[in-house]
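A.B. asks: coords below, sequence missing:
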């Protein structure tokens, strides 16, 4: 049974920063690509960023240059460092995982992920 547990969310003022963590268990973390998605009230879930098992990363245009994804395979944890936060970043943030056949691949599409965490709330006040 794969489990993903996010942490690190909270309330922050605009311009501030947060680091989200997603701890994985129950699978070979090093072989999975990991994604971060978010969902704001009344909106569809959207892609934030992803990291392949080999460390390749990709980001949504809305967060590029402000957010950074990294992973620590020894700790089976993926991180989302968020800088220069804006009120429009307010959402529930989810991490997701899927085993990958190549070390360079990842996906920006939520339906291609097999496992999901419960989410962590990020609120950015203006």
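C.D. replies: Alright, I've got the coordinates. What you see is a predicted model; the values in this text were computed from it and never measured.

A.B. asks: Dig out what the most centrally placed residue in the chain forms beta bridges with.
C.D. replies: Nearest to the mean C-alpha position of the chain, by C-alpha atoms, centre = their mean, lies residue 36 at 2.3 Å. The partner list for residue 36 in beta bridges (DSSP bridges) reads residue 49, residue 95.

A.B. asks: residues touching residue 108, list them.
C.D. replies: 35, 47, 50, 58, 60 (C-beta atoms under 8 Å, 6 or more residues apart in numbering). Quick note: C-beta positions are derived from backbone N, CA and C, even for glycine.

A.B. asks: can you tell me which residues contact the last one?
C.D. replies: It refers to residue 60. Neighbouring residues of residue 60 by C-beta under 8 Å, 6+ apart: 46-49, 108.

A.B. asks: Kindly report the same for the second one.
C.D. replies: With contacts defined as C-beta under 8 Å, 6+ apart, residue 47 is in contact with 35-37, 60, 108-110.

A.B. asks: cool, the fourth one as well?
C.D. replies: Applying C-beta under 8 Å, 6+ apart to residue 58 gives the contacts 49-50, 106, 108.

A.B. asks: Let's see that with 10 Å instead.
C.D. replies: Neighbouring residues of residue 58 by C-beta atoms under 10 Å, 6 or more residues apart in numbering: 33, 35, 47-52, 64, 69, 106-108.

A.B. asks: Make TSV out of the residues you listed and add pLDDT.
C.D. replies: As requested, those are arranged in TSV below (pLDDT from 0 to 100):
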residue	pLDDT
33	95
35	97
47	98
48	98
49	98
50	98
51	97
52	95
64	98
69	98
106	93
107	94
108	95
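
A.B. asks: Need those in JSON lines (columns: distance to residue 81).
C.D. replies: Converted to JSON lines, those look like this (distance: C-beta to C-beta, whole Å):
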{"residue": "33", "distance to residue 81": "18"}
{"residue": "35", "distance to residue 81": "15"}
{"residue": "47", "distance to residue 81": "17"}
{"residue": "48", "distance to residue 81": "12"}
{"residue": "49", "distance to residue 81": "10"}
{"residue": "50", "distance to residue 81": "14"}
{"residue": "51", "distance to residue 81": "12"}
{"residue": "52", "distance to residue 81": "18"}
{"residue": "64", "distance to residue 81": "13"}
{"residue": "69", "distance to residue 81": "8"}
{"residue": "106", "distance to residue 81": "17"}
{"residue": "107", "distance to residue 81": "21"}
{"residue": "108", "distance to residue 81": "19"}
